[in-house]
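Engineer: Build me a structure from this.
(one chain, ligands or ions: 1)
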Amino acid sequence: MVTYRNKELFVENVSFKTLASTYGTPCYIYSKKYLVEQFSDYKNAFKGYPQTIICYSVKANSNLSILKVFKEMGSGFDIVSGGELERVIAIGANPKKVVFSGVAKSNEEVKKAIEFGILFFNVESFDELEVINKIAKKTRHVAEISIRVNPDINPKTHPYISTGLKSSKFGIPIRQSFEIYREAKKMKNIKLIGIDAHIGSQILDLDPFEDSLERLENLYFKLKDENINIDFIDIGGGLGIKYKDEDRPPSKKKFAQKIIKRMKRINCKLLLEPGRSLVGNSGYLLTAVVYKKNNYKKNFLIIDAGMNDLLRPALYGSYHKISKVIRSHKDEKIYDVVGPICETGDVIAKNLSMNDVKLGDILVIHSAGAYGATMSSNYNTRPKIPEILVSGNKTFLIRKKETISQILENEVII
Ligand SMILES: *Cc1c(COP(=O)(O)O)cnc(C)c1O
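Structural biologist: Modelled structure (predicted):
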(Lines give C-alpha, C1' and ligand atoms only; values in the text may rest on other atoms or scores of the structure.)
Protein backbone atom coordinates (compact mmCIF):
# COMPACT_ATOMS: atom_id res chain seq x y z
CA MET A 1 0.00 0.00 0.00
CA VAL A 2 2.97 2.32 0.47
CA THR A 3 5.59 2.90 -2.18
CA TYR A 4 8.54 5.18 -2.75
CA ARG A 5 8.16 7.60 -5.65
CA ASN A 6 11.61 8.85 -6.36
CA LYS A 7 12.80 9.17 -2.80
CA GLU A 8 9.51 9.96 -1.11
CA LEU A 9 7.20 7.46 0.58
CA PHE A 10 3.53 7.62 -0.47
CA VAL A 11 0.34 6.08 0.89
CA GLU A 12 -2.11 5.75 -2.00
CA ASN A 13 -1.49 9.06 -3.83
CA VAL A 14 -0.45 11.15 -0.86
CA SER A 15 3.08 11.72 0.35
CA PHE A 16 3.75 11.09 4.02
CA LYS A 17 5.86 14.23 4.03
CA THR A 18 2.83 16.27 3.01
CA LEU A 19 0.73 14.53 5.66
CA ALA A 20 3.32 15.36 8.31
CA SER A 21 3.41 19.02 7.36
CA THR A 22 -0.39 19.28 7.10
CA TYR A 23 -1.39 17.46 10.28
CA GLY A 24 1.78 17.54 12.37
CA THR A 25 3.40 14.57 14.07
CA PRO A 26 2.70 12.20 15.66
CA CYS A 27 -0.51 11.11 13.92
CA TYR A 28 -2.19 7.96 12.68
CA ILE A 29 -2.73 7.53 8.95
CA TYR A 30 -5.08 4.94 7.45
CA SER A 31 -5.53 3.88 3.84
CA LYS A 32 -9.17 3.53 2.85
CA LYS A 33 -8.25 1.49 -0.22
CA TYR A 34 -6.60 -1.09 2.00
CA LEU A 35 -9.65 -1.33 4.29
CA VAL A 36 -11.94 -1.83 1.32
CA GLU A 37 -9.65 -4.46 -0.19
CA GLN A 38 -9.40 -6.46 3.01
CA PHE A 39 -13.14 -6.49 3.54
CA SER A 40 -13.74 -7.47 -0.09
CA ASP A 41 -11.21 -10.28 0.31
CA TYR A 42 -13.22 -11.66 3.23
CA LYS A 43 -16.48 -11.32 1.33
CA ASN A 44 -15.10 -13.06 -1.73
CA ALA A 45 -13.41 -15.77 0.30
CA PHE A 46 -16.73 -16.68 1.94
CA LYS A 47 -18.87 -16.37 -1.22
CA GLY A 48 -19.08 -20.16 -1.31
CA TYR A 49 -20.94 -20.09 2.00
CA PRO A 50 -23.66 -17.46 1.58
CA GLN A 51 -24.93 -17.86 5.16
CA THR A 52 -21.89 -15.94 6.42
CA ILE A 53 -22.08 -12.70 8.42
CA ILE A 54 -18.88 -10.73 8.94
CA CYS A 55 -18.89 -8.70 12.16
CA TYR A 56 -15.85 -6.44 12.32
CA SER A 57 -14.34 -6.47 15.81
CA VAL A 58 -14.66 -2.84 16.87
CA LYS A 59 -11.92 -2.89 19.50
CA ALA A 60 -9.20 -3.32 16.86
CA ASN A 61 -9.87 0.21 15.59
CA SER A 62 -13.05 1.92 16.67
CA ASN A 63 -12.83 5.25 14.82
CA LEU A 64 -16.33 6.11 13.61
CA SER A 65 -15.24 6.79 10.03
CA ILE A 66 -13.53 3.42 9.86
CA LEU A 67 -16.63 1.70 11.21
CA LYS A 68 -18.62 3.53 8.54
CA VAL A 69 -16.35 2.24 5.75
CA PHE A 70 -17.11 -1.31 6.87
CA LYS A 71 -20.81 -0.66 7.43
CA GLU A 72 -21.13 0.61 3.88
CA MET A 73 -19.62 -2.64 2.65
CA GLY A 74 -22.23 -4.64 4.54
CA SER A 75 -20.29 -5.43 7.68
CA GLY A 76 -21.81 -6.09 11.07
CA PHE A 77 -19.96 -5.48 14.33
CA ASP A 78 -18.59 -7.38 17.29
CA ILE A 79 -18.62 -5.13 20.35
CA VAL A 80 -17.23 -5.63 23.86
CA SER A 81 -18.62 -2.66 25.83
CA GLY A 82 -21.42 -0.15 26.15
CA GLY A 83 -19.05 2.43 24.69
CA GLU A 84 -18.58 0.37 21.55
CA LEU A 85 -22.35 -0.10 21.41
CA GLU A 86 -22.71 3.72 21.35
CA ARG A 87 -20.21 3.83 18.49
CA VAL A 88 -22.14 1.40 16.31
CA ILE A 89 -25.39 3.19 17.13
CA ALA A 90 -23.73 6.49 16.15
CA ILE A 91 -22.92 5.21 12.66
CA GLY A 92 -26.38 3.71 12.19
CA ALA A 93 -25.35 0.05 12.22
CA ASN A 94 -28.01 -2.58 11.67
CA PRO A 95 -28.71 -4.03 15.15
CA LYS A 96 -29.38 -7.42 13.60
CA LYS A 97 -25.72 -7.51 12.63
CA VAL A 98 -24.28 -6.67 16.06
CA VAL A 99 -22.99 -9.24 18.54
CA PHE A 100 -21.84 -8.43 22.05
CA SER A 101 -18.85 -10.28 23.57
CA GLY A 102 -16.87 -9.68 26.78
CA VAL A 103 -16.62 -11.21 30.26
CA ALA A 104 -17.95 -8.33 32.37
CA LYS A 105 -21.09 -6.91 30.74
CA SER A 106 -22.81 -4.63 33.23
CA ASN A 107 -26.57 -4.51 33.81
CA GLU A 108 -26.67 -1.15 32.09
CA GLU A 109 -24.82 -2.49 29.03
CA VAL A 110 -27.04 -5.55 28.79
CA LYS A 111 -30.18 -3.40 29.01
CA LYS A 112 -28.96 -1.00 26.30
CA ALA A 113 -28.05 -3.85 23.99
CA ILE A 114 -31.41 -5.57 24.46
CA GLU A 115 -33.23 -2.32 23.74
CA PHE A 116 -31.13 -1.71 20.64
CA GLY A 117 -32.10 -5.21 19.50
CA ILE A 118 -28.72 -6.80 18.86
CA LEU A 119 -28.42 -10.13 17.05
CA PHE A 120 -27.04 -11.97 20.09
CA PHE A 121 -24.94 -11.86 23.24
CA ASN A 122 -21.88 -14.05 23.45
CA VAL A 123 -22.35 -15.19 27.03
CA GLU A 124 -19.17 -15.92 28.95
CA SER A 125 -20.44 -17.24 32.32
CA PHE A 126 -23.50 -18.70 34.05
CA ASP A 127 -23.82 -15.57 36.19
CA GLU A 128 -24.03 -13.46 33.05
CA LEU A 129 -26.71 -15.74 31.63
CA GLU A 130 -28.85 -15.17 34.72
CA VAL A 131 -28.35 -11.41 34.50
CA ILE A 132 -29.39 -11.33 30.85
CA ASN A 133 -32.46 -13.46 31.58
CA LYS A 134 -33.46 -11.18 34.45
CA ILE A 135 -33.03 -7.96 32.49
CA ALA A 136 -34.81 -9.40 29.45
CA LYS A 137 -37.72 -10.36 31.69
CA LYS A 138 -37.89 -6.91 33.26
CA THR A 139 -37.89 -5.20 29.89
CA ARG A 140 -40.27 -7.80 28.38
CA HIS A 141 -37.87 -9.12 25.79
CA VAL A 142 -36.47 -12.47 24.83
CA ALA A 143 -32.71 -12.09 24.57
CA GLU A 144 -30.99 -14.18 21.93
CA ILE A 145 -27.72 -15.62 23.08
CA SER A 146 -24.83 -17.78 22.11
CA ILE A 147 -22.47 -19.38 24.63
CA ARG A 148 -18.83 -18.50 24.25
CA VAL A 149 -17.08 -21.78 24.85
CA ASN A 150 -13.44 -22.20 25.65
CA PRO A 151 -12.31 -25.04 23.40
CA ASP A 152 -8.89 -25.39 25.06
CA ILE A 153 -6.88 -24.80 21.92
CA ASN A 154 -3.35 -23.44 21.80
CA PRO A 155 -3.30 -20.89 18.97
CA LYS A 156 0.50 -20.69 19.14
CA THR A 157 0.52 -16.93 19.40
CA HIS A 158 1.71 -14.51 22.09
CA PRO A 159 0.45 -15.65 25.55
CA TYR A 160 -1.17 -12.25 26.15
CA ILE A 161 -3.39 -12.71 23.10
CA SER A 162 -4.23 -16.41 23.55
CA THR A 163 -7.81 -16.57 24.73
CA GLY A 164 -8.89 -20.17 24.17
CA LEU A 165 -6.62 -21.97 26.61
CA LYS A 166 -7.93 -23.77 29.70
CA SER A 167 -6.21 -21.21 31.91
CA SER A 168 -7.85 -18.18 30.29
CA LYS A 169 -10.65 -16.08 31.77
CA PHE A 170 -12.66 -16.18 28.55
CA GLY A 171 -15.69 -18.29 27.80
CA ILE A 172 -17.05 -21.39 29.49
CA PRO A 173 -15.01 -24.61 29.36
CA ILE A 174 -16.45 -26.60 26.48
CA ARG A 175 -17.08 -29.62 28.73
CA GLN A 176 -19.21 -27.57 31.10
CA SER A 177 -20.99 -25.73 28.32
CA PHE A 178 -23.40 -28.57 27.60
CA GLU A 179 -24.88 -28.20 31.08
CA ILE A 180 -25.12 -24.44 30.67
CA TYR A 181 -27.06 -24.89 27.41
CA ARG A 182 -29.49 -27.17 29.23
CA GLU A 183 -29.95 -24.61 31.99
CA ALA A 184 -30.33 -21.80 29.48
CA LYS A 185 -33.02 -23.72 27.65
CA LYS A 186 -35.16 -23.57 30.78
CA MET A 187 -34.91 -19.79 31.04
CA LYS A 188 -38.03 -18.09 29.73
CA ASN A 189 -36.46 -14.88 28.49
CA ILE A 190 -33.47 -16.48 26.81
CA LYS A 191 -33.39 -17.88 23.31
CA LEU A 192 -30.39 -20.03 22.49
CA ILE A 193 -29.18 -19.40 18.98
CA GLY A 194 -25.44 -19.82 18.85
CA ILE A 195 -22.14 -21.40 19.74
CA ASP A 196 -19.15 -19.08 19.86
CA ALA A 197 -15.40 -19.37 20.33
CA HIS A 198 -12.56 -16.89 19.91
CA ILE A 199 -9.22 -18.55 20.54
CA GLY A 200 -6.74 -15.71 20.22
CA SER A 201 -5.21 -13.12 17.97
CA GLN A 202 -2.40 -12.84 15.40
CA ILE A 203 -2.73 -16.55 14.57
CA LEU A 204 -0.50 -17.49 11.65
CA ASP A 205 -1.40 -21.17 11.41
CA LEU A 206 -4.77 -22.53 10.26
CA ASP A 207 -4.73 -25.72 12.37
CA PRO A 208 -5.93 -24.08 15.60
CA PHE A 209 -8.96 -22.64 13.76
CA GLU A 210 -9.80 -26.07 12.36
CA ASP A 211 -9.33 -27.77 15.73
CA SER A 212 -11.55 -25.23 17.38
CA LEU A 213 -14.30 -25.55 14.77
CA GLU A 214 -14.13 -29.32 15.07
CA ARG A 215 -14.90 -29.01 18.78
CA LEU A 216 -17.74 -26.60 18.07
CA GLU A 217 -19.12 -29.03 15.50
CA ASN A 218 -19.12 -31.86 18.06
CA LEU A 219 -20.97 -29.66 20.50
CA TYR A 220 -23.43 -28.60 17.79
CA PHE A 221 -24.43 -32.19 17.07
CA LYS A 222 -24.50 -33.12 20.74
CA LEU A 223 -26.92 -30.26 21.35
CA LYS A 224 -28.99 -31.32 18.37
CA ASP A 225 -29.42 -34.74 19.94
CA GLU A 226 -30.83 -32.97 22.99
CA ASN A 227 -33.26 -31.03 20.83
CA ILE A 228 -31.30 -27.81 21.19
CA ASN A 229 -31.08 -26.41 17.69
CA ILE A 230 -28.43 -23.83 17.02
CA ASP A 231 -28.67 -21.27 14.17
CA PHE A 232 -25.21 -19.73 14.36
CA ILE A 233 -21.65 -20.84 14.75
CA ASP A 234 -19.45 -17.87 15.57
CA ILE A 235 -15.76 -18.68 15.10
CA GLY A 236 -14.45 -15.35 16.44
CA GLY A 237 -11.53 -13.49 14.89
CA GLY A 238 -7.82 -13.95 15.18
CA LEU A 239 -6.38 -14.31 11.70
CA GLY A 240 -2.85 -12.91 11.76
CA ILE A 241 -1.18 -10.33 9.54
CA LYS A 242 2.30 -9.66 8.25
CA TYR A 243 4.34 -7.53 10.65
CA LYS A 244 7.80 -8.77 9.70
CA ASP A 245 8.85 -9.41 6.13
CA GLU A 246 9.25 -13.08 7.01
CA ASP A 247 5.71 -13.48 8.43
CA ARG A 248 3.52 -15.67 6.23
CA PRO A 249 -0.07 -15.22 7.34
CA PRO A 250 -2.54 -17.55 5.63
CA SER A 251 -4.65 -15.87 2.96
CA LYS A 252 -8.29 -15.17 3.72
CA LYS A 253 -9.12 -17.53 0.88
CA LYS A 254 -7.24 -20.48 2.40
CA PHE A 255 -8.75 -19.69 5.79
CA ALA A 256 -12.23 -19.63 4.26
CA GLN A 257 -11.73 -22.89 2.36
CA LYS A 258 -10.93 -24.77 5.57
CA ILE A 259 -13.82 -23.25 7.48
CA ILE A 260 -16.36 -23.67 4.69
CA LYS A 261 -15.48 -27.32 4.22
CA ARG A 262 -16.51 -28.09 7.78
CA MET A 263 -19.43 -25.63 7.84
CA LYS A 264 -21.01 -27.43 4.88
CA ARG A 265 -21.38 -30.49 7.09
CA ILE A 266 -22.94 -28.45 9.87
CA ASN A 267 -24.98 -26.26 7.55
CA CYS A 268 -25.97 -23.44 9.88
CA LYS A 269 -25.21 -19.72 9.70
CA LEU A 270 -21.58 -18.69 10.15
CA LEU A 271 -20.40 -15.57 11.94
CA LEU A 272 -16.86 -14.17 11.80
CA GLU A 273 -15.36 -11.47 14.04
CA PRO A 274 -12.18 -10.34 12.29
CA GLY A 275 -10.36 -7.31 13.67
CA ARG A 276 -6.63 -7.09 13.08
CA SER A 277 -6.77 -8.78 9.65
CA LEU A 278 -9.09 -6.00 8.39
CA VAL A 279 -7.32 -2.94 9.75
CA GLY A 280 -3.79 -3.80 10.93
CA ASN A 281 -1.88 -3.05 7.79
CA SER A 282 -4.07 -0.12 6.77
CA GLY A 283 -2.51 2.02 9.47
CA TYR A 284 0.73 3.93 9.96
CA LEU A 285 2.04 5.93 12.84
CA LEU A 286 3.76 9.00 11.48
CA THR A 287 6.43 10.39 13.78
CA ALA A 288 9.39 12.76 13.79
CA VAL A 289 12.86 12.37 15.25
CA VAL A 290 13.18 14.82 18.14
CA TYR A 291 16.71 14.07 19.36
CA LYS A 292 19.51 11.62 18.88
CA LYS A 293 21.93 10.53 21.48
CA ASN A 294 24.69 8.09 22.03
CA ASN A 295 25.07 6.49 25.45
CA TYR A 296 28.10 4.26 25.65
CA LYS A 297 27.61 1.97 22.68
CA LYS A 298 23.97 2.58 21.89
CA ASN A 299 22.54 5.03 19.38
CA PHE A 300 19.15 6.26 20.47
CA LEU A 301 16.62 7.85 18.18
CA ILE A 302 14.15 9.74 20.31
CA ILE A 303 10.87 10.16 18.48
CA ASP A 304 7.75 12.18 19.25
CA ALA A 305 5.47 9.09 19.43
CA GLY A 306 5.55 6.93 22.53
CA MET A 307 4.06 3.91 24.22
CA ASN A 308 1.01 6.01 25.09
CA ASP A 309 0.33 6.31 21.34
CA LEU A 310 1.32 2.75 20.35
CA LEU A 311 1.46 0.34 23.25
CA ARG A 312 2.07 -2.93 21.42
CA PRO A 313 5.89 -2.98 21.51
CA ALA A 314 5.96 -2.21 25.25
CA LEU A 315 3.06 -4.55 26.07
CA TYR A 316 3.87 -7.55 23.89
CA GLY A 317 7.42 -6.87 22.74
CA SER A 318 5.91 -6.78 19.28
CA TYR A 319 7.76 -5.80 16.14
CA HIS A 320 6.80 -2.91 13.89
CA LYS A 321 8.67 -2.15 10.71
CA ILE A 322 9.94 1.45 10.49
CA SER A 323 10.76 3.37 7.31
CA LYS A 324 12.13 6.79 6.55
CA VAL A 325 9.75 9.02 4.66
CA ILE A 326 12.61 10.39 2.60
CA ARG A 327 14.88 7.60 1.52
CA SER A 328 18.61 8.18 1.66
CA HIS A 329 21.57 6.01 0.99
CA LYS A 330 23.90 7.14 3.70
CA ASP A 331 25.64 4.70 6.01
CA GLU A 332 23.53 2.22 7.91
CA LYS A 333 23.52 2.58 11.65
CA ILE A 334 21.99 0.53 14.43
CA TYR A 335 19.46 2.43 16.53
CA ASP A 336 17.15 1.89 19.46
CA VAL A 337 14.02 3.87 18.64
CA VAL A 338 12.50 5.22 21.84
CA GLY A 339 9.59 7.47 22.75
CA PRO A 340 9.25 10.45 25.08
CA ILE A 341 7.53 8.59 27.95
CA CYS A 342 9.38 8.30 31.24
CA GLU A 343 9.52 4.50 31.22
CA THR A 344 12.43 2.27 30.26
CA GLY A 345 9.89 0.13 28.42
CA ASP A 346 9.01 2.96 26.03
CA VAL A 347 10.93 1.38 23.15
CA ILE A 348 9.36 1.13 19.70
CA ALA A 349 12.23 -0.80 18.10
CA LYS A 350 15.48 -2.29 19.34
CA ASN A 351 18.62 -2.64 17.22
CA LEU A 352 16.98 -1.25 14.14
CA SER A 353 19.27 -0.89 11.18
CA MET A 354 18.56 2.32 9.28
CA ASN A 355 20.26 4.83 7.04
CA ASP A 356 21.68 7.70 9.00
CA VAL A 357 18.90 9.82 10.48
CA LYS A 358 18.89 13.56 11.14
CA LEU A 359 16.91 15.56 13.67
CA GLY A 360 13.47 16.35 12.28
CA ASP A 361 13.44 13.37 9.90
CA ILE A 362 10.01 11.85 9.53
CA LEU A 363 9.54 8.13 10.10
CA VAL A 364 6.65 5.79 9.41
CA ILE A 365 5.85 2.98 11.84
CA HIS A 366 4.03 0.29 9.86
CA SER A 367 1.17 -2.08 10.74
CA ALA A 368 -0.27 0.32 13.30
CA GLY A 369 -3.93 0.17 12.23
CA ALA A 370 -5.03 -2.45 14.77
CA TYR A 371 -4.72 -2.05 18.54
CA GLY A 372 -2.86 1.21 18.01
CA ALA A 373 -5.13 4.22 18.50
CA THR A 374 -7.62 2.13 20.50
CA MET A 375 -5.01 1.23 23.09
CA SER A 376 -3.59 4.73 23.38
CA SER A 377 -3.66 6.61 26.66
CA ASN A 378 -2.93 9.98 28.20
CA TYR A 379 0.07 8.74 30.18
CA ASN A 380 2.46 11.60 30.92
CA THR A 381 -0.52 13.88 30.16
CA ARG A 382 0.00 13.54 26.46
CA PRO A 383 -3.05 14.23 24.31
CA LYS A 384 -4.41 11.55 21.97
CA ILE A 385 -3.06 12.14 18.51
CA PRO A 386 -5.03 12.93 15.34
CA GLU A 387 -6.18 10.22 12.93
CA ILE A 388 -6.33 10.76 9.18
CA LEU A 389 -7.98 8.67 6.48
CA VAL A 390 -6.37 8.76 3.03
CA SER A 391 -8.37 7.89 -0.06
CA GLY A 392 -6.70 8.29 -3.46
CA ASN A 393 -5.29 11.79 -3.38
CA LYS A 394 -7.69 13.01 -0.70
CA THR A 395 -7.11 13.18 3.04
CA PHE A 396 -9.71 13.42 5.81
CA LEU A 397 -9.15 14.30 9.44
CA ILE A 398 -11.22 11.60 11.21
CA ARG A 399 -10.13 12.41 14.75
CA LYS A 400 -8.98 15.82 15.88
CA LYS A 401 -5.99 16.11 18.13
CA GLU A 402 -7.07 16.08 21.75
CA THR A 403 -6.32 19.23 23.72
CA ILE A 404 -4.72 19.44 27.14
CA SER A 405 -7.82 21.21 28.44
CA GLN A 406 -9.92 18.19 27.35
CA ILE A 407 -7.62 16.00 29.42
CA LEU A 408 -7.94 18.25 32.47
CA GLU A 409 -11.66 18.87 32.04
CA ASN A 410 -12.95 16.07 34.27
CA GLU A 411 -10.55 16.61 37.11
CA VAL A 412 -11.58 18.37 40.27
CA ILE A 413 -9.27 20.49 42.39
CA ILE A 414 -10.44 20.31 46.00
C1 LIG B 1 -10.49 -9.06 19.96
C2 LIG B 1 -11.57 -9.96 19.55
C3 LIG B 1 -11.77 -10.26 18.19
C4 LIG B 1 -10.86 -9.77 17.09
O5 LIG B 1 -9.62 -10.41 17.12
P6 LIG B 1 -8.55 -10.13 15.97
O7 LIG B 1 -7.39 -10.95 16.38
O8 LIG B 1 -8.26 -8.68 15.97
O9 LIG B 1 -9.14 -10.60 14.67
C10 LIG B 1 -12.86 -11.05 17.86
N11 LIG B 1 -13.70 -11.54 18.81
C12 LIG B 1 -13.51 -11.28 20.13
C13 LIG B 1 -14.46 -11.83 21.11
C14 LIG B 1 -12.45 -10.48 20.53
O15 LIG B 1 -12.27 -10.24 21.84
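Engineer: switch to C-alpha atoms for all contacts and neighbour counts from now on
Structural biologist: Noted.
Engineer: Could you pull out the buried residues of the biggest helix by length in the chain?
Structural biologist: Counting residues, the longest helix in the chain under DSSP state H turns out to be helix 207-225. Judged by neighbour count (16 or more other Cα atoms under 10 Å), helix 207-225 contains these buried residues: 207-217, 219-220, 223.
Engineer: Among the residues you listed, which pair sits farthest apart?
Structural biologist: 207 and 223 (24.4 Å; Cα to Cα).
Engineer: The most centrally placed residue in the chain: what's it in contact with?
Structural biologist: Nearest to the mean C-alpha position of the chain, by Cα atoms, centre = their mean, lies residue 60 at 2.1 Å. Contacts for residue 60 were tallied using Cα atoms under 8 Å, 6 or more residues apart in numbering; they are 275-276, 279, 369-372, 374.
Engineer: Helices of the chain, start to end?
Structural biologist: In the chain, the segments counted as helices under DSSP H are 16-23, 32-45, 64-72, 82-90, 107-116, 126-138, 174-186, 207-225, 252-266, 276-279, 312-316, 404-408.
Engineer: any idea which of these is most buried?
Structural biologist: helix 276-279 (a mean of 27; mean count of other Cα atoms under 10 Å).
Engineer: Is there proximity between that helix and the ligand?
Structural biologist: Yes - counting by Cα under 6 Å from any ligand atom, the ligand is contacted by helix 276-279 at 276-277.
Engineer: so how far is the first residue of stretch 47-66 from its last?
Structural biologist: Stretch 47-66 has its terminal residues 23 Å apart, counting by Cα to Cα, to the nearest Å.
Engineer: list the buried ones in it?
Structural biologist: Burial within stretch 47-66, assessed by neighbour count using 16+ other Cα under 10 Å, is assigned to 49, 52-63, 65-66.
Engineer: Would you mind listing what in the stretch 1-150 of the chain touches the ligand?
Structural biologist: Checking the stretch 1-150 of the chain against the ligand by Cα under 6 Å from any ligand atom, the hits are 57, 60, 101.
Engineer: about what we covered before: export the helices of the chain as a markdown table, with columns for mean pLDDT.
Structural biologist: Formatted as a markdown table, the helices of the chain follow (pLDDT from 0 to 100):
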| stretch | mean pLDDT |
| --- | --- |
| helix 16-23 | 98 |
| helix 32-45 | 98 |
| helix 64-72 | 98 |
| helix 82-90 | 98 |
| helix 107-116 | 98 |
| helix 126-138 | 97 |
| helix 174-186 | 95 |
| helix 207-225 | 96 |
| helix 252-266 | 97 |
| helix 276-279 | 98 |
| helix 312-316 | 94 |
| helix 404-408 | 98 |
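Engineer: where along the stretch 201-350 of the chain do the strands fall?
Structural biologist: 232-234, 269-272, 283-295, 298-303, 322-324, 332-338, 347-355 (DSSP state E, counting those that start in this stretch).
Engineer: Columns mean pLDDT and distance to residue 175 on top of those strands, output as CSV?
Structural biologist: Output for the strands of the stretch 201-350 of the chain, formatted as CSV (pLDDT from 0 to 100; distance: least, Cα to Cα, whole Å):
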stretch, mean pLDDT, distance to residue 175
strand 232-234, 98, 17
strand 269-272, 98, 22
strand 283-295, 96, 40
strand 298-303, 95, 50
strand 322-324, 95, 45
strand 332-338, 94, 46
strand 347-355, 93, 42
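Engineer: rewinding a little: what is the most widely separated pair among the buried residues of stretch 47-66?
Structural biologist: Taking Cα to Cα, no two of the buried residues of stretch 47-66 sit farther apart than 49 and 63, at 29.5 Å.
Engineer: quick one: contacts for the residue of the stretch 301-414 of the chain found nearest the ligand?
Structural biologist: Relative to the ligand, the nearest point of the stretch 301-414 of the chain is residue 370 (7.1 Å; Cα to the nearest ligand atom). The neighbours of residue 370, taking Cα under 8 Å, 6+ apart as the test, are 60-61, 275-276, 279-281, 283.
Engineer: Let me know the distance separating the nearest residue to it once chain neighbours are set aside from residue 158.
Structural biologist: Closest residue to residue 370 apart from its sequence neighbours, by Cα to Cα, 6 or more residues apart in numbering: residue 280 at 4.3 Å. Taking Cα to Cα as the criterion, residue 280 is separated from residue 158 by 16 Å.
Engineer: can you pull the buried residues of stretch 153-164?
Structural biologist: By neighbour count with 16+ other Cα under 10 Å, stretch 153-164 contains the buried residues 153-157, 161-164.
Engineer: Can you tell me which of the residues you listed lies closest to residue 107?
Structural biologist: Distance to residue 107 across these (Cα to Cα) is lowest for residue 163, with 24.1 Å.
Engineer: My guess is the closest one contacts residue 197. True?
Structural biologist: No - look at residue 163 against residue 197 with Cα atoms under 8 Å: they stay out of range, at 9.2 Å.
Engineer: Contacts (any at all) between the ligand and the longest helix of the chain?
Structural biologist: No - judged by Cα under 6 Å from any ligand atom, helix 207-225 stays clear of the ligand, getting no closer than 12.1 Å.
Engineer: What is that helix packed up against?
Structural biologist: Contacts defined by 3 or more Cα pairs under 8 Å, 6 or more residues apart in numbering; DSSP states H and E place helix 207-225 against strand 190-196, helix 252-266.
Engineer: To the ligand, which of these lies closest?
Structural biologist: Nearest to the ligand among those is strand 190-196 (8.7 Å), distances taken as Cα to the nearest ligand atom.
Engineer: which secondary structure elements does the closest one contact?
Structural biologist: helix 126-138, strand 143-150, helix 174-186, helix 207-225, strand 232-234.
Engineer: what's the nearest residue to residue 404 if we skip its chain neighbours?
Structural biologist: Spatially, and ignoring its direct neighbours in sequence, residue 404 is nearest to residue 383 (6.2 Å; Cα to Cα, 6+ apart).
Engineer: Now for that neighbour: which residues touch it?
Structural biologist: Contacts of residue 383 (Cα under 8 Å, 6+ apart): 377, 401-404, 407.
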